[in-house]
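Engineer: build the 3D model from these lines:
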Amino acid sequence: MKEIIFATGNPNKVREVNALLPQYEVKSLKDIGCTEEVPETTGTIEGNALQKAEYVHEHYQVDCFSEDTGLEIEALNGEPGVDTAFYAGPQRSAQDNMALVLRKLKDQTNRKARFRTVVALIIDGQKHTFEGICNGHIAEQVSGTEGFGYDPVFVPEGYNTTFAEMEASEKNKISHRARAIAKLKAFLNANS
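Structural biologist: A predicted model of the protein is given here:
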């Protein structure tokens, strides 16, 4: 089985991507001995994805991919966007982040939102990016126990349940990350 390095320390993301790339053994930063905080300082989702991949490629001399994801809420002018993980502060608390979103949307009728993921791949010295978008809306309250991050408040288009109320296999068919990883997978299959 081929090995591929996913430049993340988030075990939830590794688990999700492992299910999406069954022909690969997906390794995390921990697996290659990277314990430092990988920089995410560009101010854009695309830039952060590339910055993380470039950092790992340069410091560990491995081909790898990374991703950055943002929740973009229309009524909040695209917030939290690139600040999705830190929206309510540096503690990166999913509960605090969701509470802040729900508070800001309290009197809003427009609850349209989208998750946007950019995957950046560095392989054979070449850089490639792949984007995945999942449109939907923000629920009125937190609901569900599956998933992670904002999953308990995000309802994908065409559904009446949040990501956190879905089985992982169902979410992995429609999510922003699944769509970006599908493009990565197609590229890897065509170029391996």
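Engineer: and the helix or strand of the chain with the lowest mean pLDDT, what does it pack onto?
Structural biologist: Lowest by mean pLDDT, DSSP states H and E among the helices and strands of the chain is helix 11-20, with a mean of 88. Here helix 11-20 touches strand 2-6, strand 24-27, helix 168-174, helix 176-190, going by 3 or more C-beta pairs under 8 Å, 6 or more residues apart in numbering; DSSP states H and E. Yep, even glycine has a C-beta here, placed from its N, CA and C like the rest.
Engineer: just the strands in this protein please.
Structural biologist: Under the criterion DSSP state E, strands of the chain are mapped to 2-6, 24-27, 64-73, 80-81, 112-123, 126-138, 154-156.
Engineer: make CSV from these and add mean neighbour count to it.
Structural biologist: Below are those laid out as CSV (neighbours: other C-beta atoms under 10 Å):
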stretch, mean neighbour count
strand 2-6, 18
strand 24-27, 17
strand 64-73, 25
strand 80-81, 18
strand 112-123, 22
strand 126-138, 18
strand 154-156, 23
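Engineer: save the ones you listed as JSON lines, and put in mean pLDDT and distance to G144 too.
Structural biologist: Rendered in JSON lines, the data for the strands of the chain read as follows (pLDDT from 0 to 100; distance: least, C-beta to C-beta, whole Å):
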{"stretch": "strand 2-6", "mean pLDDT": "91", "distance to G144": "25"}
{"stretch": "strand 24-27", "mean pLDDT": "91", "distance to G144": "25"}
{"stretch": "strand 64-73", "mean pLDDT": "96", "distance to G144": "16"}
{"stretch": "strand 80-81", "mean pLDDT": "96", "distance to G144": "20"}
{"stretch": "strand 112-123", "mean pLDDT": "97", "distance to G144": "15"}
{"stretch": "strand 126-138", "mean pLDDT": "98", "distance to G144": "14"}
{"stretch": "strand 154-156", "mean pLDDT": "98", "distance to G144": "10"}
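Engineer: closest to N48 out of these?
Structural biologist: Of all those, the one in closest proximity to N48, counting by C-beta to C-beta, is strand 64-73 (4.1 Å).
Engineer: sorry, back to before: make JSON lines out of the helices and strands packed on helix 11-20 and add distance to F115.
Structural biologist: Listed next are the helices and strands packed on helix 11-20 as JSON lines, based on distance: least, C-beta to C-beta, whole Å:
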{"stretch": "strand 2-6", "distance to F115": "18"}
{"stretch": "strand 24-27", "distance to F115": "20"}
{"stretch": "helix 168-174", "distance to F115": "10"}
{"stretch": "helix 176-190", "distance to F115": "4"}
